[in-house]
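[1] fold the following, please.
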Amino acid sequence: MAEQIVEAIERKEDMGSAGARRLVRSGRIPGVIYGKGDVKPISFDAHAFSFVLRKADVGSKVQVKLGKKTYECEIKEIQEDLVKSLIKHVDFKEI
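    I've put the predicted structure just below:
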């Protein structure tokens, strides 16, 4: 199976739970890439990520594009709001 690609942008502001709720309401999903010694907060389009989730799940390898750089990652955790059927947060681990 080919790796899925997630187009992301870096989150510079809107950190914390209030900022995360604003992102989710605006159609974006907050996330984080745990790398080798550093953590990169990101956000990405919820609609586009739903297509990625058709072929990928926790433990799947994906490519996360952040600006001009591409990270090989594994999906570590997906936090969902089961009542509202929304994804609240996604954790990626850089490989």
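[2] please count neighbours and contacts with C-alpha atoms only from this point.
    Fine.
[3] can you give me the helices in this structure?
    16-25, 46-52 (DSSP state H).
[4] who's in contact with the biggest strand by length in the chain?
    Scanning the chain for the strand with the most residues, using DSSP state E, yields strand 69-81. By C-alpha atoms under 8 Å, 6 or more residues apart in numbering, the residues outside strand 69-81 that reach it are 33, 57-65, 86-95.
[5] can we see that at 7 Å?
    57-65, 86-95 (C-alpha atoms under 7 Å, 6 or more residues apart in numbering).
[6] and stretch 83-95, by the same measure?
    24, 29-35, 71-81.
[7] by mean pLDDT, which helix or strand of the chain comes out lowest?
    strand 4-10 (a mean of 76; mean pLDDT, DSSP states H and E).
[8] direction included, what does it pair against?
    strand 39-45 (antiparallel), strand 61-66 (parallel) (DSSP bridges).
[9] tabulate these in a markdown table, adding columns for mean neighbour count, distance to Glu10 and mean pLDDT.
    Listed next are these as a markdown table, based on neighbours: other C-alpha atoms under 10 Å; distance: least, C-alpha to C-alpha, whole Å; pLDDT from 0 to 100:
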| stretch | mean neighbour count | distance to Glu10 | mean pLDDT |
| --- | --- | --- | --- |
| strand 39-45 | 18 | 4 | 91 |
| strand 61-66 | 20 | 7 | 91 |
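[10] right, so of these, which gets closest to Leu53?
    With distances scored as C-alpha to C-alpha, the stretch of the strands paired with strand 4-10 nearest to Leu53 is strand 61-66 (10.4 Å).
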